[in-house]
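Colleague: attaching a predicted model along with its sequence, questions to come.
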Amino acid sequence: ANFCGWCWLICSMGSLGNNEILGCKFFDYITQLSLKKKKRSGRLAKWHSASELILVEDEATDTEDNEEEDLGVMEDQRSVILHLISQLKLGMDLTRVVLPTFILEKRSLLEMYANFMAHPDLFLSIAAGATPEERIICFVEYYLTAFHEGRKGAVAKKPYNPIIGETFHCSWDVPKDKVKPFRTSGASAVSKDPTKESGQDQSACYKLRFVAEQVSHHPPVSCFYCECKEKKMCVNAHVWTKSKFMGMSIGVSMVGEGVLYLLEHEEEYVFTLPSAYARSILTIPWVELGGKVNINCARTGYSATVTFHTKPFYGGKVHRVTAEVKHNPTNTIVCKAQGEWNGTLEFTYSNGETKVIDTSKLPVTKKKIRPIAKQGPLESRHLWQHVTNSLKEGNIDAATEHKHHLEERQRAEERQRAALTTLWKPKYFAKEGDGWQYLNPLWKSL
C-alpha cells in the first residue's frame, strides 16, 4: 500500500496503497445496460460522457454505514508497524512503502471525496447568496463544515488506494426549500433529516451529481467533478499528495486545487487544501489538519484565508481552525470564524451579527448510488467488493488475498502498456496545463 493520501485529509491514514489496477480493458457496462433498457419507460439521465448513460431509476439511497471500530492498534499489529518503522528514515518519501491490510477502511478514496457533499444544501446555498460578499461567506461556511463527515470513527484508517481508471458515481436529491443563503437561514442546522424526505416529489428537489476518477498512477492524481444544472453551479478539482515520515507521525501535503463555478454570476472561486497529519501511529492513530488555505474570486475582489492549527506540543486544543474573509479593493474584513472543524464553529460578521454552527448536529443527506450489480467493473464498490466483504467479516487473510489479486492484475496491465508504449487515457478528465479538467463541464451545455 502506498502513501498517496488525500484520505489523510479526510479520514487520516491516507490513500496508502500499491493497489492500482492499471487500465483493464473491460467492456462498457453502463452503455450495454442502457441499451438493454432503452425500451423501458422512465427517465434516462445522460451524464458524464456521450458513451455512458447513468440511469436515474437505478439509483437508490445508500445503505452503507462504513462506521469503523475504534479499537486502536492491537498488540500483534503494533509489532508489524514497529518493523515497518524500523526501515524508515525521518523525512523519507512514503509513496512506495507497503502497509498491512489490517489498517484498511472499507471504502475507496474516490468514494470519500463524495463526503464533502454530505451537506449538499449548504453547497447549493452558495449560489443563492444575494451579493458577492454573501456568496463567498456561504462558501467559507460550507468549506469549514465539509471536513468532519470524512471520518467514521475516531481511529485513523486508510481507504483503498484508487487504481488508475477507477471511477465513482453518485448523486443527491436536495429539497429546494432547504436551499437558502445559510447566513440568513438556519434551516440546515435545525431541519429534519433530509434522508427521511427521499420519498417526496423529485420536482421538489435539486439534483446534484458527482463523479470521481483516478487519472494518474505516478504521481497519484485523483479528480472529481460535481454539478447542479438547475443552480448553474459546478466544482472541478484535482489533487495529488506528497507524504513523509515524521517519527511517530505521517505528514501529507496536498498538491493541486479546486475551482467552484457559479455560472449565473460569472464567478470562479479557486481554493486550495490543507495538509494532514496522522498522529500516534503506534497507539490510537488520529488525524489533524494543518496549514493555510486560500479561497479567491478574482472577479469580485473577495478572498478568504483559512488556517488549520496543529496542536502545540504542550497544551492547546486540537482541530482548531480560524478564518477571515476580506474585500481586497477596500481592505475590509467582512467575516471572521473560529472553532473546531469537527466541532463548533462561530462566525462573526461585519455588521456585528454572530452565528454558531455545530458540525456534529448538521443533518447528513445520504447519497444515491446504483447497486453493485448495476455498476461497471471499474467502479469503486464493484471493484473492491471482495476486499470489503472480507473486512466486514473480519477475515484479514482473505482481504489481503483479494487485494493481492488486484495488485497482480495491475502489474500485468502496466507491463502490457509499457511494452506497447501506450499512454493511459482517462475517461472523464483531460490534462490542461498543470491541472485536469472535466471533459463535459456544465458551461459547455448551457
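Modeller: Perfect, I can see it now.
Colleague: so where's the stretch 151-300 of the chain uncertain?
Modeller: Scanning the stretch 151-300 of the chain for pLDDT under 70 picks out 151-156, 181-202, 246-248, 278, 280-285.
Colleague: in it, which spans are helices?
Modeller: 187-190 (DSSP state H, counting those that start in this stretch).
Colleague: quick one: the strands in it?
Modeller: 158-160, 167-175, 205-216, 221-228, 233-245, 250-262, 267-271, 275-279, 286-297 (DSSP state E, counting those that start in this stretch).
Colleague: in its sheet, what does the helix or strand just after the last one sit against?
Modeller: It stands for strand 286-297. Downstream of strand 286-297, the first helix or strand assigned by DSSP states H and E is strand 302-309. In the sheet, strand 302-309 lines up against strand 286-297 (antiparallel), strand 320-327 (antiparallel) (DSSP bridges).
Colleague: want to throw the ones you listed into TSV with mean neighbour count and distance to V364?
Modeller: To be clear about C-beta, it is placed using only N, CA and C from the backbone, and glycine gets the same treatment. Formatted as TSV, the strands paired with strand 302-309 follow (neighbours: other CB atoms under 10 Å; distance: least, CB to CB, whole Å):
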stretch	mean neighbour count	distance to V364
strand 286-297	19	19
strand 320-327	19	20
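Colleague: which one of the ones you listed lies nearest to T131?
Modeller: strand 320-327 (10.8 Å; CB to CB).
Colleague: can you give me how far the helix or strand following the closest one is from the chain middle?
Modeller: Counting by DSSP H and E, the element after strand 320-327 in chain order, helix or strand, is strand 332-340. On the basis of CA atoms, centre = their mean, to the nearest Å, strand 332-340 sits 25 Å off its chain's mean C-alpha point.
Colleague: can you tell me the strand partners of strand 332-340 and which way each runs?
Modeller: Checking strand 332-340 against DSSP bridges gives partners strand 320-327 (antiparallel), strand 344-349 (antiparallel).
Colleague: so which bits of that strand are buried?
Modeller: 334-340 (16 or more other CB atoms under 10 Å).
Colleague: in the chain, which residue is closest to the centre?
Modeller: For the chain, Y113 is the residue whose C-alpha lies nearest the centre (CA atoms, centre = their mean; 1.4 Å).
Colleague: C-alpha coordinates for stretch 401-412, CSV please?
Modeller: Below are the C-alpha coordinates for stretch 401-412, written out as CSV (Å, rounded to 0.1, in the frame of the first residue of the first chain):
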residue,chain,number,x,y,z
GLU,A,401,-5.5,-12.2,-0.8
HIS,A,402,-8.2,-10.3,-2.8
LYS,A,403,-6.1,-7.2,-2.7
HIS,A,404,-3.0,-9.1,-3.8
HIS,A,405,-5.0,-10.4,-6.8
LEU,A,406,-5.9,-6.8,-7.8
GLU,A,407,-2.2,-5.8,-7.4
GLU,A,408,-1.0,-8.6,-9.6
ARG,A,409,-3.5,-7.8,-12.3
GLN,A,410,-2.4,-4.2,-12.1
ARG,A,411,1.2,-5.1,-12.7
ALA,A,412,0.3,-7.2,-15.7
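Colleague: list the buried ones in it?
Modeller: So for stretch 401-412, counting by 16+ other CB under 10 Å, buried means 402-403, 406-407, 410.
Colleague: pick out the most distant pair among those.
Modeller: The span of the buried residues of stretch 401-412, defined through CB to CB, is set by H402 and Q410 at 13.0 Å.
Colleague: please name every helix or strand in contact with the lengthiest helix in the chain.
Modeller: Secondary structure of the chain read by DSSP state H shows that its longest helix is helix 396-419. Packed against helix 396-419 by the contact rule (3 or more CB pairs under 8 Å, 6 or more residues apart in numbering; DSSP states H and E) you find helix 385-392.
Colleague: save the strands paired with strand 302-309 as a markdown table, and put in distance to C226 too.
Modeller: Supplementary listing: these in a markdown table, determined by distance: least, CB to CB, whole Å:
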| stretch | distance to C226 |
| --- | --- |
| strand 286-297 | 17 |
| strand 320-327 | 22 |
